[in-house]
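**Student:** How does the following fold in three dimensions:
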Amino acid sequence: MFDPYEVRKDFPILSRLIRGRRLIYLDNAATTQKPKQVVAAIARYYLWHNANVHRGLHTLSQEASQMYEEAHEAVAKFINARSWEEVIFTYNVTEALNLVAYTWGLKNVGEGDRVVLTVMEHHSNMLPWRNLAKLKKARVVYADITDGGELTYEEFERLIDERTKVVAVTLMSNVLGTITADVVRKVVKLAHEVGAVVVADGAQYVPHAPTDVRDLGVDFLGFSGHKMLGPMGIGVLWGRREILEELEPFKSGGDTIKDVTLSDVVWHDLPWRFEAGTPNVAGAVGLKAAVEYLSRLGMDAVREHEKRLVEYTLKRFNEELGDDVEVYGPKDPEARGGVIAFNVKGLSHHTVGMALDMFGIAVRTGMHCAHPLHYRLGLKGTVRASYYVYNVKEEIDELVSALKTIILLKDKLTVEEVDERVCTGT
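**Tutor:** Down below sits the predicted model:
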C-alpha cells in the first residue's frame, strides 16, 4: 500500500484554504486534482518540445511526435491492450462513446435491431445510442437494477436476443459506485453469442481499479484523462483492432488520410484515421505522466485504498448520522467504488452541498448526468462524495462532523442562517 499522506505532498491545491478552512476535495468523480509531476510534464513539453506532430522532419516535430506516440504506448500498457494502435485519443469519454456510435453504430445497426442499455448509464453512454436508434429505427431496451443498486446477469439474459447489435454498459456507476465488471464479463459472452458488441464506459472504473481489456472481453472501452490525475481535454477510446480496421472516421481532415485525390481517399492506419487535425499533444503528454504516476502507486493499491475509505465512511455514517442520512447503492464495500451518494433527510441536496462548502468540503450535488437512474430511485438529486488516492480518513471525520452540524441546525435555522453560523464558527 502507498502512503496517502505522502501522496498529498504532490498536490499543492490540497493546502488551499476555503473560507478559512483546509480544502477537503471529495469531488473526484467529476474530476481529479493533478499532481506536480503531471503539471511539470505538460510545462516541459510546451517549454522545450512544442511542435505539431506528424508534420515535419525538424527536430522539434520529431520529438513531439515521439512523445505523442509514447503516450499511446503507455495507455495501451496500462489497460493491457494488444497494441498501442488500438488506442485512440479523443477529447473525453463522451467523444469516445459518440465515436463508436457514429462509426460502428451507423454501419452495423439497422431498422428493427435492438440496443441494450442500463438505467444507471451516464448520459454519455445513453444518449448517443438513443440518437443512433432514432436515426436507424432501432429499438432501445434497458436493463434494470436491483433495489440495492446492482446489475444482474439475469436481466441481460432477458433482454439480449438475436436482434441485439450492441450492449452499452458502465463498469462503475458514477452515482451509486456499483462495480459491474464481473457481470459484464459474463454479459460479453452472451452478447458475442448473438453477434453483438459490448461498449463499456470506463470513466469511473479505469482510474480506480486494475483494468485489463483482454480479461474484460469487451469490444470498446472509453475513459477520460481528467478523472485519473491527467489534464482535461484528453480521453481514450480503446477498440479491438479487427473491428477498428473495418471502420471509417466520422471526423475527417488532416492526419486521417494516406492519400486524397479529387475522386477518392485512402484512410490512414490506426489510430491516426480517428484522430483528425492537430491533436492535444500536451494533454497526451500529461496523460502519460498520470498513467505512470498511478502505475507507481499500483492500481491494486488504489482499489484497496478506496475500499478502506468507503468502508470507513459507511461505518461512520451509520454510527454517527443514523436515520438522518440515507446512503444509496451497495452496502458491501467490495461491490462499490469510491463513491458515496446520499441525502440528508429534510434538506435539499443543493443546500447540503452549499453548507458543506462553508466547511471547505467540496462535493457534488444534482443528478450527476444520470437523470434516469435518479428517477428510477425516486430522487430529485443526491449529494455525492467521491474519493481518490490523496483522500484520508481524517477528511471523512470532518465530513461527518460537518453533516452533524448541518443536521443539528436544519430544523432551527434558515439556509441563510446556516451559512452565517458556519462562516462565523458558531
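**Student:** number of nearby residues for residue 183?
**Tutor:** When neighbours are defined as other C-beta atoms under 10 Å, residue 183 has 21 of them. In this view, the C-beta of every residue, glycine as well, is placed from N, C-alpha and C.
**Student:** Contacts for stretch 293-304, please.
**Tutor:** When contacts are taken as C-beta atoms under 8 Å, 6 or more residues apart in numbering, the neighbours of stretch 293-304 outside the stretch itself are 1-2, 7, 10, 35, 37-38, 78, 207-211, 228-229, 389.
**Student:** Buried ones among these?
**Tutor:** 7, 10, 35, 38, 78, 207-211, 228-229, 389 (16 or more other C-beta atoms under 10 Å).
**Student:** Could you work out the most separated pair of these?
**Tutor:** With distance counted by C-beta to C-beta, no two of these lie farther apart than 10 and 211, which are 22.4 Å apart.
**Student:** Backbone dihedrals for the residue most central in space within the chain, both of them.
**Tutor:** The structure's the chain has its C-alpha centroid closest to residue 203; by C-alpha atoms, centre = their mean the separation is 2.0 Å. The phi and psi torsions at residue 203 (degrees, to the nearest 10) take the values phi -60, psi -40.
**Student:** mind checking how far residue 90 is from residue 75?
**Tutor:** Between residue 90 and residue 75 the distance, using C-beta to C-beta, to the nearest Å, works out to 12 Å.
**Student:** so residue 166 sits in a helix?
**Tutor:** No. Assessed by DSSP: H, G, I helix; E, B strand; the rest coil, residue 166 does not belong to a helix; its assignment is strand.
**Student:** Model confidence for it, exactly?
**Tutor:** At residue 166, the predicted lDDT confidence score is 98.
**Student:** go on, the one 3 residues further on?
**Tutor:** According to the per-residue confidence, residue 169 scores 98 in pLDDT.
**Student:** repeat for the one 4 residues further on
**Tutor:** Reported pLDDT at residue 173 in the predicted model: 98.
**Student:** and if you look at the one 3 residues further on?
**Tutor:** pLDDT recorded at residue 176 is 98.
**Student:** Now do the same for it: helix, strand or coil?
**Tutor:** coil.
**Student:** What is the neighbour count of the nearest residue to it once chain neighbours are set aside?
**Tutor:** Distance criterion C-beta to C-beta, 6 or more residues apart in numbering; nearest residue to residue 176, sequence neighbours excluded, is residue 329 at 3.4 Å. As a burial measure, the neighbour count of residue 329 was computed by other C-beta under 10 Å and equals 26.
**Student:** now the one 3 residues further on
**Tutor:** Taking other C-beta under 10 Å as the criterion, the count of residues near residue 332 is 13.
**Student:** So it versus residue 301, what's the distance?
**Tutor:** Using C-beta to C-beta, we find residue 332 at a distance of 20 Å from residue 301.
**Student:** what do you get for residue 234?
**Tutor:** Relative to residue 301, residue 234 is positioned 24 Å away (C-beta to C-beta).
**Student:** Of these two, give the one with the bigger neighbour count.
**Tutor:** Neighbour count, other C-beta under 10 Å: between residue 234 and residue 301, residue 234 has more, with 26 against 15.
**Student:** I'd like the distance between the more buried one and residue 75.
**Tutor:** Distance from residue 234 to residue 75, by C-beta to C-beta: 10 Å.
**Student:** Need the overlap of contacts for those two.
**Tutor:** Here residue 234 and residue 75 share the contacting residues residue 287, scored by C-beta under 8 Å, 6+ apart.
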